[in-house]
Structures are given as structure tokens and as C-alpha cells.
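Engineer: sharing a sequence plus its predicted fold:
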Amino acid sequence: MLEEALELYDTVQDKVCEFFEGYNFVALLKASTKLQNLEIGVIIHSDIERRGLIEKNGFLGTSLLDLYAKCGTVTRAMEIFERLQVRDVISWNTLISGHTYHGRLEEAFAYYEKMQLEGVLPTTVTFLCILKACSLEGAVQLGLEIHAEITKLGFMDDTVMLNSTLLDMYAKCGHLAEATYVFRQLPERDVISWTALMAGFVEYGHYERAFNCFEQMLSEGICPDASTYVCSLRACSIMKAMVEGQQIHADIKAKGLEGNPFVGTALIDFYTKCGFQMKAQEIFEMLPARDAVIWNALIAGYLETGFYEKALKFLVQMKNDGIVLDAPLCISGLRTCGSLGAIDQGQEIHAEVERLGLLENVKTVGSALVDMYARCGCLTKAQEVFDKMPFFDVLSWNALIGGHVEHGHNNKVFRLFENMISKSVSPDSSTYALLLKACGSAQNVEKGIELHTEIERKELVERDIFVGDGLVNMYMECGYSGKSLEVFERLPSRDTVSWGVLIAGYADCDHVDEALESFSKMQSEGVFPDISTLIAMLKVCSSVDILEKGQAIHSYVEKHRLLDIDPIIGSALINMYAKCGFLSKAQQILDDLPVQEISAWNALMMGCTEHGYYEEAFDIYRKLQLREILVNPVTYVCIMKVCGSLRAIDTGRQIHAEVAKNGMLHKNLSVGNALVDMYTKCGYFTMAKKVFDNLPTHDVVSWTAVISGYADSGDGDEALLCFDKMQSEGTIPNEVTLVCVLKACGSIGAIDRGQYLHAEVERKGLLESDPMVGSAIVDLYARCGLLHLAQEVFDKLPARVVTSWNILISGYVQMGKSENVFPLYERMIREGIHPDPVTFLIILNACNRTDLLDGSCTVFEIMTNNFGFLPMLEHHYCVLDLFFKRGQFNKATTVIKKIPLPCGLELWQSMLGVCKSLGHVELGTEAFEKSHMIE
């Protein structure tokens with residue numbers, strides 16, 4: 001009927017219609033407003049103006065005001081308002097409502113204040129409008145004042161809608177205690193008030209309370225609506241409450257709400273977050289109409305659960321189905337591309353963003369673009385996008401800072417932070433979490449303590465547990481596990497994530513006992529481990545000594561069907577068994593996985609590599625190629641490590657060509673680093689340097705690979721120059737870098753530089769926390785002949801591993817002080833350190849240098865009989881050389897005859913050379929015949 005009325009007016013408007021009264025125009029304006037037909041409304045307005053009716057009829061003015069306010073032309077509405085002869089409460093309400101509806105909240109507040117100053121008393125509608133504005137703006141202080149005014153005027157008992165709106169305002173502003181109080185005072189609680197309270201609990205992380213509300217609501221006989229189901233499903237998805245969520249789904253299905261787009265979106269979100277992607281896809285395909293919001297729910301669900309390839313696949317499918325990208329979809333797409341390093345697809349989305357003008361209009365899209373380029377290692381492009389953004393908020397700064405944190409550019413991180421502060425952008429909790437991460441990776445505890453002080457001053461830990469978790473992790477990464485535990489114990493609340501951070505920190509620092517104790521305590525406090533915590537514990541249990549505990553976690557995983565939910569847990573199990581040497585068990589788990597993700601294959605390949613089963617690792621890589629399984633950067637890194645270990649330069653070159661062709665070399669820095677390392681290990685250092693120079697950016701790993709190459713090839717001077725350049729570019733060295741540089745110092749006798757590094761190591765506490773660095777300092781002083789300093793450092797080491805002992809003993813041998821060798825060996829045994837084959841080789845060399853034949857034979861017997869080591873060729877040479885020196889050829893012959901054939905060949909040939917030089921014809925003939933026979 002409304003359409004017909006407007007059509008009739010459109011037909012007769014050109015004729016003289018003096019019979020049209022004011023009430024006719026009011027009715028027509030209401031029809032235009034209801035149908036959002038601004039075009040006809042403007043024509044009616046012109047007719048009213050021509051007749052001079054606005055000043056004569058207050059209802060007409062208010063109706064025009066309502067038309068423009070509700071159709072979004074707020075400026076015209078304000079013009080009409082200013083012309084009104086009498087501005088009653090209805091006109092004020094209309095104007096405030098229009099500003100609120102169109103997000104002009106500051107103006108809404110200003111008109112509310114002006115209304116009061118003009119002495120116009122508010123009505124229920126006024127309070128409904130202004131409370132809505134408070135909800136949207138988060139203006140809880142004004143909301144509290146309005147609550148007091150409502151109570152004072154006696155409106156609290158007037159309407160359920162007003163109470164529900166007040167409740168909604170408190171809930172949306174995070175004042176849940178006040179929201180609960182209002183809720184309890186309600187004379188009657190309907191589905192709207194229940195849902196408002198639930199939504200507040202969900203929004204601010206009180207998921208169990210939200211679900212308890214839902215159950216209580218049902219028990220009171222209140223029938224949920226679509227919004228209630230959406231809230232309850234959100235709570236279930238976060239809590240991973242699969243059973244409860246499925247019950248809600250059954251109820252939704254029974255009520256025929258499954259096709260509701262909002263409910264369908266919530267169901268997709270619930271199933272993806274719980275790991276049931278196939279079920280989510282089933283819901284998705286059932287929905288009668290799939291708009292951008294529904295597509296985004298599916299893609300974001302895959303993204304958040306780590307199924308990046310599937311997220312990208314559906315993003316492509318969505319575009320093929322003709323769905324136009326909106327801001328949320330662009331953000332999900334950019335996050336997907338950033339996670340995969342898919343720079344080409346990311347650039348396509350960037351082009352679409354530019355075409356749609358989203359960069360200028362939606363802040364979060366610009367931040368997502370910066371984040372995508374930064375994650376892909378294109379930091380220059382990230383900066384370029386950042387500089388073009390029309391506005392910089394904390395989100396965009398965090399994206400840029402986060403990119404530099406991820407790539408280890410820690411000096412740049414703090415320069416960006418200072419720049420951000422200078423631009424009057426206040427850091428938020430995420431900013432501090434990123435800065436703490438940078439401090440941890442750079443082991444810059446001084447800066448970390450400075451940030452900690454600032455965080456405490458701002459009381460951020462009390463407001464955001466995420467910051468507290470960042471502090472725990474920062475201290476752990478800096479080697480201050482005691483301080484980390486202290487911060488952890490002072491956290492106002494310790495959830496699953498907090499426990500996971502502590503346990504993962506202990507796992508990364510190889511503090512096995514502390515990790516096991518924390519895991520036990522976590523369970524005793526009734527906190528259930530999440531996937532991340534279980535993965536950290538499986539890493540801890542990657543040792544034969546405590547494999548039993550890892551097997552218990554395996555049982556827990558199977559009992560709770562976690563392998564069906566998250567493929568990463570399967571990879572962690574494979575990794576644990578592989579590291580313990582149980583490769584057949586690892587293979588069995590891979591075979592039984594419902595979905596064999598590439599991460600699981602990578603875990604098995606890495607296990608083979610770590611145990612020296614390089615050919616088996618190659619076989620796995622070939623299987624991946626034959627099955628056409630899409631490999632990822634980790635796969636390339638692993639197979640290039642295999643190529644380096646086997647000196648398989650031809651295969652390495654083939655992989656180089658492959659990663660260059662698919663763009664992976666420039667998309668992922670770890671692949672470039674692995675390629676540099678592979679060429680270095682194969683002795684092709686010129687090629688390694690060429691790859692390094694062509695990388696888009698360099699982190700500590702790439703610099704260390706080059707420094708290691710120079711050090712290993714004996715070019716210590718170049719290694720030190722490279723180290724200086726690395727530091728000048730703001731890259732902080734890690735423990736491996738320091739070991740390589742100390743080795744370079746030792747190789748060229750750069751003792752001053754070495755002592756400076758030693759002081760830095762002491763200052764950072766690395767001597768106590770990292771035995772590898774301590775051993776490198778001992779090696780430096782031993783190589784430079786400063787055995788008293790080597791011994792001094794050695795004695796200070798809190799944990800003296802077999803490598804440290806070998807270095808010190810070797811140092812004494814090299815300096816001709818073999819008399820110190822046996823006392824050191826005996827001390828080593830007393831301290832419970834088991835010698836390895838290298839230890840015995842060093843001692844045998846000492847015996848050889850001092851002509852101790854009897855001692856040499858005794859050491860050889862201890863090595864084989866007491867410790868069960870199979871002698872290598874070098875061990876045999878040491879003993880036989882003494883026999884040759886003494887002219888005891890018959891004894892040498894007896895020894896050689898007992899040696900397995902491959903080693904025996906070289907030793908017979910060596911003996912042949914000795915006999916030739918001494919003119920020992922008879923024995924030389926035998927040596928020749930034996931050599932010929934073996935060949």
C-alpha cells in the first residue's frame with residue numbers, strides 16, 4: 001500500500017493539488033522514510049517548501065527531520081531541525097537517533113547535552129537512543145550518568161526495553177558487574193536481556209559464564225532466538241565444547257534455523273575452531289545463499305586453525321564464484337597469504353584493495369596489507385604501503401613493528417617504536433607484547449626490564465594476560481628462568497596459554513625437570529592442556545630417558561581424538577618418536593593420520609636427518625614428489641640440510657633451481673638461509689656468497705651461515721669483517737654466531753677480539769646458560785696457546801659437556817703438554833662424563849707424540865672393551881704409527897689382520913709405504929699382496 005501511495009503522489013504532483021493537507025504530507029513522508037525512498041522524499045519536501053508549510057506545521061518539520069535522519073542525509077536533517085519553530089522532545093529524539101544510527105556519536109552526545117541545556121525533558125526513547133550511542137562509543141562514564149538520571153526520573157520500572165538497553169550498554173563496555181546487577185533487577189527477563197548479558201560475557205572472555213547463562217535461560221523456559229544461538233555457539237567454539245555445541249546445533253536444526261545466515265556463520269565458526277573442518281564445509285554448502293560474510297567465516301576458520309593451504313584454496317574458489325571481496329575478506333585473504341608466504345596472491349588482493357578504495361576508508365585493511373608484506377619478508381614494500389596510508393593507528397604500527405620482530409631486525413623495532421611515540425600514537429598491549437618478543441629474541445634483558453617497569457606502571461598485566469605471558473616468555477628466552485617463574489606466579493590469573501608459555505619456555509631451554517614439574521602442577525590445578533602445551537611437552541619428551549611420559553601424552557591425545565582435530569599434534573608425535581630413534585613408530589603414526597599434512601612428512605624427514613639417515617630422508621622427499629604433495633619451506637630447508645650433509649651438490653642445485661622457479665627463494669628467508677648453508681657445506685662458498693647477496697633481507701641465520709663458511713674455510717679475517725657488517729646493520733648475533741666468530745678468532749690468533757667477545761658473553765650470562773658458547777671460548781684460548789685462560793674458563797663452566805673436555809685436552813696436546821692429558825681424562829671420568837670416540841682419538845694422539853706405546857694400547861683397549869666403541873681408521877693409525885716407529889712390524893701386521901676390510905685396505909697400503917721407505921722387502925711384499933687382494 002505504501003508503494004501505491006507514493007506512485008499516486010508521483011502521478012498527481014504536477015497538477016494543482018490544493019486539497020493536500022499537512023497530514024497528507026506527513027503520511028507521504030512516513031511512507032518515504034519506511035521505504036528509504038529519499039528521491040520521492042526530496043520531491044515531497046520541495047512541494048512542502050513551495051507551500052510554506054514547514055513553519056506552519058510542526059509535525060511536517062519533524063517528519064522531514066525523520067526522513068533525512070533515517071535515510072542518512074544527517075546534514076539536511078540538522079538544517080531542518082534548526083528551522084523548526086518549536087523543538088519538542090520528538091524532534092530532539094529524531095536527531096539524536098539519526099546521528100547514532102549513522103555512527104556520528106560525538107554529535108549525538110552533543111545534541112543530548114544541548115537538549116538538556118534547553119530544558120527539554122528526555123523520554124524513554126531519548127534514553128534508548130543515547131544508551132545505544134554509549135554502547136557503540138564505549139562511553140561507559142556517560143552511561144553511568146544516564147543510568148543515574150533514569151533512576152532519578154523513575155524510568156527504571158517503565159519498560160523492559162530500556163532496562164535491556166542499559167544492560168546491553170554495560171555488557172558491551174565490559175562493565176559486567178553492573179550489567180549483571182541490572183539484569184538481576186529486571187522485573188521480567190526476556191530473550192533480549194538474556195542474550196545481551198551472554199553477548200557481554202562472550203565479548204570479554206567469560207565463556208563459561210556465558211554458557212551457564214544459556215543453560216539457566218533454558219531452565220527458566222525462555223526460548224532462544226537466532227542471536228542467542230550465535231552467542232552460545234561463539235562460547236562453545238572458544239571453549240572447544242564440542243558436545244554442547246553439537247546439542248545446540250541439534251536444537252537449531254529442530255527449529256529450522258540452520259538456514260539463517262547468522263546462525264549458519266556461527267556454526268561454521270564453531271566447527272572450524274573445534275577442528276571439524278569437513279562438518280563446517282558441510283554446513284557451508286547447505287546454506288541457501290552464501291554471501292561474503294559466510295565465505296569469510298569458512299576461510300577465517302581454516303586460517304585460525306592453521307589450514308593455510310585450504311584457506312587459500314577457498315579464497316580462490318570464492319573469487320571464481322563471483323563473490324566481490326569486502327574488507328573482512330580482504331583481511332582474511334591477506335592473513336592467509338602472509339602465513340603461506342604467498343606473495344603473488346597477496347599482491348592480487350592488494351590490487352583489489354586499491355580498486356575498491358579500501359586502503360583509504362578501512363584502517364584495518366591497510367594494517368593487514370603491511371602485515372602481509374612484512375610476513376613475506378618484503379619489508380621495503382611493507383614500509384611503502386605504511387607510508388601511503390592516510391592514517392596511522394596503533395594497529396598499523398603494530399603490523400610494521402611485528403614484521404621486523406619476525407625477521408629479527410630488533411634495532412629497527414625499537415627505532416620504529418620511538419617513531420610511533422613521537423607521532424603521539426599510544427602503544428597498546430599488542431605493542432608491548434611485540435617489544436617483549438624482540439627483547440627475548442635479542443636476549444636484551446636490560447631493555448626487557450625497562451619495558452617491564454613501564455608495563456607495571458600502566459598496570460597492563462592486570463588488564464591483559466597476554467602481556468603477562470609476554471613477560472614470562474621474554475625472561476625465559478633471556479635465560480632468566482627464575483625471574484620468568486616469579487612473573488608467572490604473580491599473574492592475576494593463569495590460564496592454559498600462560499601455563500603453555502612457561503612450559504614451552506622450559507622446553508626451549510632444555511629444562512626438562514622444570515617442564516615436567518610445571519605440567520604436573522598445571523594438571524593438579526585443574527587446568528587442561530591445550531594443543532600448544534601438549535606439543536611443548538612432546539618436545540620435552542623427545543629423549544629415550546623420558547619417552548614413557550611422552551607415550552602417556554600420546555595416550556591422552558588418542559583418548560581425546562586430538563589427531564582428528566589438529567594435524568600439528570600428529571607432527572609433534574612423529575617428531576618425538578623420530579628424535580628418540582623410533583623411526584618405525586614415527587612412520588606408523590604418519591600412516592595412521594586421517595590427514596597427512598606436509599608438517600607430518602617434514603617431522604619424519606627431520607627425524608631421519610638428525611639421526612644421520614640421509615638416504616631415508618631422500619626417500620621421503622622422493623615420495624612427496626611422486627605423490628605430488630605440495631611441499632613447504634620447511635621441506636626445502638630439511639632436504640637442503642640433507643644435501644649439505646651428503647655433499648650432494650647436484651641434487652642441491654636441482655632444488656635451488658626449483659625454489660628459484662617457484663619464487664620461494666625470495667618469499668621465505670629460511671629457504672635462502674638453508675641454500676647458503678648447503679653450498680657452504682658442499683665447499684661451494686662462492687656460490688653461497690652469491691645466494692646470500694641476492695637474498696631480499698638478511699637475518700641472524702643467514703649472516704651466521706656466511707660467517708660459518710668463512711670460518712670453516714680458514715678465512716678468519718673475512719669472517720670477522722662479515723660479523724662487523726652484520727652488527728652495523730642491526731642484526732643481533734645469537735649463540736651459534738658467537739661460536740663461529742670465536743672459532744674465526746682462534747684460527748687467526750685474534751686474541752684481543754676474542755677477549756672482547758668473551759666479555760660480552762660473560763655480560764649476557766651465556767657462559768652459564770649455553771655450554772656450546774663456553775666450549776668455543778675454551779677452544780679460542782687453547783688455539784691461541786693461552787692454556788691457563790682456557791683452563792680458567794673451563795673450570796667456571798656450570799655444565800661441562802664432553803665437547804668442552806675434548807677441546808681442553810686437545811689444547812694441552814697441541815701445546816706439547818701431554819702430561820696434563822691423563823689427569824684431565826681421569827677427572828672427566830670422576831665427574832661422570834662419558835668420553836666419546838673423539839676423546840680417545842685425542843688421547844691416542846698424545847700417546848703418539850710422547851712415544852707411549854703401552855699407554856696407547858691401554859687406551860685402545862679401554863675404548864673398545866670398557867666403552868664399546870668401534871675404532872675408526874684414525875684410532876688404528878695412532879696405535880700402528882707407534883709400532884712402525886718402534887720397528888715392531890709383526891705386531892702391526894697382527895693388528896691390521898684383525899681390522900675389517902674397508903679400513904684394513906688403507907692400513908695395509910700405509911704399511912706398504914713404511915716398508916718401502918725402510919727397505920723391509922718381506923713384510924712389504926705381504927702388505928702389497930694383502931692390499932691387492934682386498935682391492
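Structural biologist: Everything's here; your move.
Engineer: which SS state does S424 fall under?
Structural biologist: The three-state label given to S424 by DSSP: H, G, I helix; E, B strand; the rest coil is coil.
Engineer: oops, could you answer that again for G174 instead?
Structural biologist: Look at G174: counting by three-state DSSP, its state is coil.
Engineer: in contact with it, which residues?
Structural biologist: G174 makes contacts with V140, G200, E203, Y204, as judged by CB atoms under 8 Å, 6 or more residues apart in numbering. (C-beta placed from N, C-alpha, C; glycine too.)
Engineer: out of those residues, who has the most neighbours?
Structural biologist: Among those, G200 has the most neighbours (other CB atoms under 10 Å), with 27 neighbours.
Engineer: pretty sure that one sits against E178.
Structural biologist: No. Contact criterion CB atoms under 8 Å: G200 and E178 do not qualify, at 10.0 Å.
Engineer: what's the overlap in contacts for these two?
Structural biologist: By CB under 8 Å, 6+ apart, the residues touching both G200 and E178 are Y170.
Engineer: which two of the contacts of G174 have the greatest separation?
Structural biologist: Largest separation among these by CB to CB: V140 and E203, giving 13.7 Å.
Engineer: now do the domain split for this protein, please.
Structural biologist: Per automatic domain parsing, the domain ranges recorded for the chain read 203-289, 291-376, 393-493.
Engineer: pLDDT averaged over the second one - what is it?
Structural biologist: Predicted confidence along domain 291-376 averages 83 (mean pLDDT).
Engineer: got it, and stretch 451-464?
Structural biologist: Stretch 451-464 carries an average pLDDT of 86.
Engineer: I'd assumed I574 was in contact with L538.
Structural biologist: No. Contact criterion CB under 8 Å: L538 and I574 do not qualify, at 9.6 Å.
Engineer: neighbour-wise, which of these two wins?
Structural biologist: Between L538 and I574, counted using other CB under 10 Å, I574 has the larger neighbour count: 29 against 24.
Engineer: is it true that the more buried one touches M605?
Structural biologist: No. Taking contacts as CB under 8 Å, I574 lies outside contact range of M605: 9.8 Å.
Engineer: show me what the helix or strand where H404 lies is packed against.
Structural biologist: Using DSSP states H and E, H404 maps to helix 394-406. Counting contacts by 3 or more CB pairs under 8 Å, 6 or more residues apart in numbering; DSSP states H and E, helix 394-406 packs against helix 363-375, helix 379-388, helix 410-422, helix 429-442.
Engineer: need the winner for burial among those helices.
Structural biologist: Mean neighbour count (mean count of other CB atoms under 10 Å) peaks for helix 363-375 among these, with a mean of 26.
Engineer: packing partners for whichever strand or helix holds A705?
Structural biologist: In the assignment (DSSP H and E), A705 maps to helix 700-712. Here helix 700-712 touches helix 669-681, helix 685-694, helix 716-728, helix 735-748, going by 3+ CB pairs under 8 Å, 6+ apart.
Engineer: run the angle between that helix and helix 685-694 for me.
Structural biologist: Orientation check (axes from the mean of the first three to the mean of the last three CA atoms, to 10 degrees): helix 700-712 against helix 685-694 gives 160 degrees.
Engineer: can you name the next helix or strand after whichever strand or helix holds R184?
Structural biologist: In the assignment (DSSP H and E), R184 maps to helix 176-185. Sequence-wise, the next helix or strand downstream of helix 176-185 (DSSP H and E) is helix 191-203.
Engineer: so what touches that next one?
Structural biologist: With contacts defined as CB under 8 Å, 6+ apart, helix 191-203 is touched by 160-161, 163-164, 167-168, 170-172, 174, 176, 179-180, 183, 186, 207, 209-210, 213-214, 217, 222-225, 227-228, 231-232, 234-235, 238.
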